[in-house]
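*Asks:* Here's my sequence, what's the structure:
(2 chains)
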Number of protein chains: 2
Amino acid sequence: MDQRIERLKEAAAVINDLEKAAALLSWDEETKMPPGGAEARAEQRATLHRLAHERLISDEIAGLLDELAPVESGLDPDSDDGALIRVIRRDHEKARRVPPELHAEMVRSGSKGYRAWLAAREAEDFESMLPHYERGLELRRRYVECFTPYEDPYDVLLDDYEPGMKTAEVDEIFDQLKTALVPMIQAVADAEPVDDSFLRRGLPIEPQRRFSAWALQKFGVDCEHWRLDDTVHPFASSTSSADIRITTRFRETDLGGVLACFHEFGHGLYERQIAPELGRTPLGSGVSAALHESQSRMWENLVGRGLSCWRCFYPRLQEELHDNLGTVSLEDFHRAINKVHPTLIRVEADEVTYNLHIILRFELERELLAGRLATRDLREAFDAKMEEYLGLTPTDLKHGVLQDVHWSDFSFGYFPTYALGNVISVQIWERACADLPDLDEQFEQGEFGALRDWLRDHVHRYGRKFTPQETVLRAAGGPIDPGPYLGYLERKLGEVFGAAVV
Amino acid sequence: MDQRIERLKEAAAVINDLEKAAALLSWDEETKMPPGGAEARAEQRATLHRLAHERLISDEIAGLLDELAPVESGLDPDSDDGALIRVIRRDHEKARRVPPELHAEMVRSGSKGYRAWLAAREAEDFESMLPHYERGLELRRRYVECFTPYEDPYDVLLDDYEPGMKTAEVDEIFDQLKTALVPMIQAVADAEPVDDSFLRRGLPIEPQRRFSAWALQKFGVDCEHWRLDDTVHPFASSTSSADIRITTRFRETDLGGVLACFHEFGHGLYERQIAPELGRTPLGSGVSAALHESQSRMWENLVGRGLSCWRCFYPRLQEELHDNLGTVSLEDFHRAINKVHPTLIRVEADEVTYNLHIILRFELERELLAGRLATRDLREAFDAKMEEYLGLTPTDLKHGVLQDVHWSDFSFGYFPTYALGNVISVQIWERACADLPDLDEQFEQGEFGALRDWLRDHVHRYGRKFTPQETVLRAAGGPIDPGPYLGYLERKLGEVFGAAVV
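*Replies:* Numbering: from 1, shown residues only, chains lettered A, B, ... in the order given. This is a model prediction of the structure:
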């Protein structure tokens, strides 16, 4: 083995250890930390991130990459070593483009913006966010300029979450989605509403928790490598592929906590099934935000809102929630958890309307970045698009433009990956279904191992070895394409609302 | 403010962040981590410790200390800045004496020794430990040689836990203890045994947990800054003085879990009450192992095994453990939790016999280090001393020479601090009682705030600002002295066994 590759691996392993330790610090902060620890914890996290960043841009890594340049061309690009050098080079060069002062200032004003956002939401005070929006926008523009030349300034921001993806491609995909979804939603609005009142009140928490633990075990969770905790906002985190942590939040007014378990399981399973030999390298994590989201949405929606899965799960849920569901048929329950109904809050949106929440945000981000929309006009622009796409008018800022954390620190470029994840999830799903024709029968029996294994072999094990585009190609057999997703939504609407709608 | 002091503080803060992050990684490993995470966690912890060590011995810190040498003499030695420079200099110079290869090898063979010890205990196989003992001893001797000149080689090892303490001083203190304790234990062995059978079986866990949470709240624990978890071995940990974590282990066969809560509370309270302005500096932690132990033993024994405390606590405990204690009087309960009775296991020993467990280990460590005892004779030497001091013969290795984790990696020098902590605890306690004459009445009312405040003002707030010796002097009004401790034990034996014994 080339000594220089070994040294590069060692340097990368230290960075990985720092990042994973920082991930644990965050997980602990959200789940276990006594509130008093917050101030010191912020310092500790900042220090670990800073040390990791310093090492990534270090002369040591620069020197090794220079020395390895001639070697690299002789390596099989599909080999672990070839991929490792390529990915470290990419991460290193991107990080080096950004002056440390700008990086630090973005972190600082991001955290100021976050605190201001918490206060502005409470006080219903949009004006107070304007200086933070202005500052954030200015910093993002400076960040974008570090990456000249670019085709579209938004490309630069998108690339941080979806490496290699271009804004023009997203635009095309979103146009197709919008064209199909707006009339679909209109049709639903005119149809007889689905009754889900039995899922809207008095759902006791502990039975939901017991059911979720049981269902997750069926999905493939074991105590040796997983844990489930409560948080305000559900998330998935890991300190290695052998230590996966998911969180959820159960409520008495919906089954969102159960479905969040399914969603976060999808994220967790991706990290869990990355090839162990990629551990402690930058290849050892999910390849992009959209690919990650495709996995979480698959387990939440394609598996977790599917009829075959609930043929196995529903009797157990009925047992746990007997007073609520004892007299509700499987079919009525299935329709209720698949209800389509425009709502103001993105994170509570159904499968169909969710994408329009994303598209409107993507459009506004681009307008703001390009200077075509002033930050002081953001609220009106947001409300106008909500009216246009979903037929709803935000009642207040919490249900409108201030609902998401993402804009508090101007993290532009993340939103589109949610909808791209939806699109990709169905492409991969249809491929898995073609390879595994008896998947429905397996789910009915509570067997999810074949799907897990298929996902491991076709998506998960690669980690960041291939680009997101290559990863989609290998798993789905083609580039990102909204066709299968739209077909799936139409079929589902037919199932839930009857033929009238579609 | 001197720019160089600021830079030194910044450098020290990074080291502190790394160490605190490593502490969280360990806490998580013991309390929350899915077992599968162990391998990656070991790497992560090693990396954080190594980076902290590299920074401590860095040329940057060496340079700043050189530049600050002329400034230092002009600073008030009792000032925070004066203490800071002194403590960083001490830590830096000690760390620099040890070649990185030796440091790394000690960590490596320590962890090998630990795994071997786990296996040797299970297999009842003393022989298998011999190569590890030999290697460990050789490495300790090389470590000692890094610190020439020294009076006694054991001084070097002791100094890592009890800075400035000399073996000869320990020797003198332990001689006094042994002279008084051996006949005391003999007298107890001849006396009518105390009945504690009602504490030996069928104590349900959940009521113990509820009681402990309630009692800890009385002591001063709040959810804002503390948490309590379950572990195999109780310990205290913190990520800052505002985030204190203690652990315990409840069992049905004794109240050890409750008393462990009291013990770990003492450790936690020390860290909790360090002056906030010492946070993120090397001054912001307890000053030595013995001082720390003095605080844990005070809350476990002087408060937590005292009659006045139980006048408040016992009704609640009786309520929780009604089937066990409903008919047991407070006086009988108090005698039972203060029972003196030689046992083979150190961590289960009572207040009187505990010290002899320590003294015999201290004596064996010195003999081994000096080469007067061969490792292959350690088992016999251990058993002989158990017979001599406690009148007991170990039944097997788990109850004998392989019972403690400390020798698995040859961490010599730690054991004596346990007994020194006992001695110091009573010295400080008597001083507090003199200043707060109504302490008993307060405890009876469930009021522990006055003692907490006194400890904060006289011990805790200083952190590492003064040497351990100065800290004892300030808190207890004199140097370490076993007199008060022996007087206390005699009084307690009188209480528990009646005048016959003393």
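
*Asks:* Quick check, A:Y154 in contact with A:F412.
*Replies:* Yes: at 7.3 Å, A:Y154 counts as touching A:F412 under the criterion of CB atoms under 8 Å. Where you see a C-beta, it was placed from the backbone N, CA and C, and this is true even at glycine.

*Asks:* So between these two, which is more surrounded?
*Replies:* A:F412 (28 against 25; other CB atoms under 10 Å in any protein chain shown).

*Asks:* what pLDDT does the more buried one get?
*Replies:* pLDDT recorded at A:F412 is 94.

*Asks:* repeat for the one 5 residues further on
*Replies:* In the predicted model, A:T417 carries a pLDDT score of 98.

*Asks:* State the distance from A:R461 to chain B.
*Replies:* 17 Å (CB to the nearest CB, to the nearest Å).

*Asks:* next one: A:R55
*Replies:* On the measure of CB to the nearest CB, A:R55 and chain B end up 9 Å apart.

*Asks:* what's the distance between the helix or strand in which that residue is found and the middle of its chain?
*Replies:* Assessed by DSSP states H and E, A:R55 sits inside helix A:38-56. Here the centre of helix A:38-56 is set off from its chain's centre by 23 Å, with CA atoms, centre = their mean, to the nearest Å.

*Asks:* what angle separates the helix or strand just after it from helix A:38-56?
*Replies:* Per DSSP H and E, the first helix or strand lying C-terminal to helix A:38-56 is helix A:59-74. Between helix A:59-74 and helix A:38-56, the angle comes out at 50 degrees (axes from the mean of the first three to the mean of the last three CA atoms, to 10 degrees).

*Asks:* In contact with the most centrally placed residue in chain A, which residues are there?
*Replies:* Centroid-nearest residue in chain A, with CA atoms, centre = their mean: A:E293, separated by 4.1 Å. By CB atoms under 8 Å, 6 or more residues apart in numbering or on different chains, A:E293 lies in contact with A:417-418, A:420-422, A:424-425.

*Asks:* export those to JSON lines and tack on distance to chain B, secondary structure and neighbour count?
*Replies:* Shown next, in JSON lines, are the contacts of A:E293 (distance: CB to the nearest CB, whole Å; DSSP: H, G, I helix; E, B strand; the rest coil; neighbours: other CB atoms under 10 Å in any protein chain shown):
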{"residue": "A:T417", "distance to chain B": "27", "secondary structure": "helix", "neighbour count": "25"}
{"residue": "A:Y418", "distance to chain B": "28", "secondary structure": "helix", "neighbour count": "21"}
{"residue": "A:L420", "distance to chain B": "30", "secondary structure": "helix", "neighbour count": "31"}
{"residue": "A:G421", "distance to chain B": "26", "secondary structure": "helix", "neighbour count": "23"}
{"residue": "A:N422", "distance to chain B": "30", "secondary structure": "helix", "neighbour count": "25"}
{"residue": "A:I424", "distance to chain B": "28", "secondary structure": "helix", "neighbour count": "30"}
{"residue": "A:S425", "distance to chain B": "27", "secondary structure": "helix", "neighbour count": "27"}
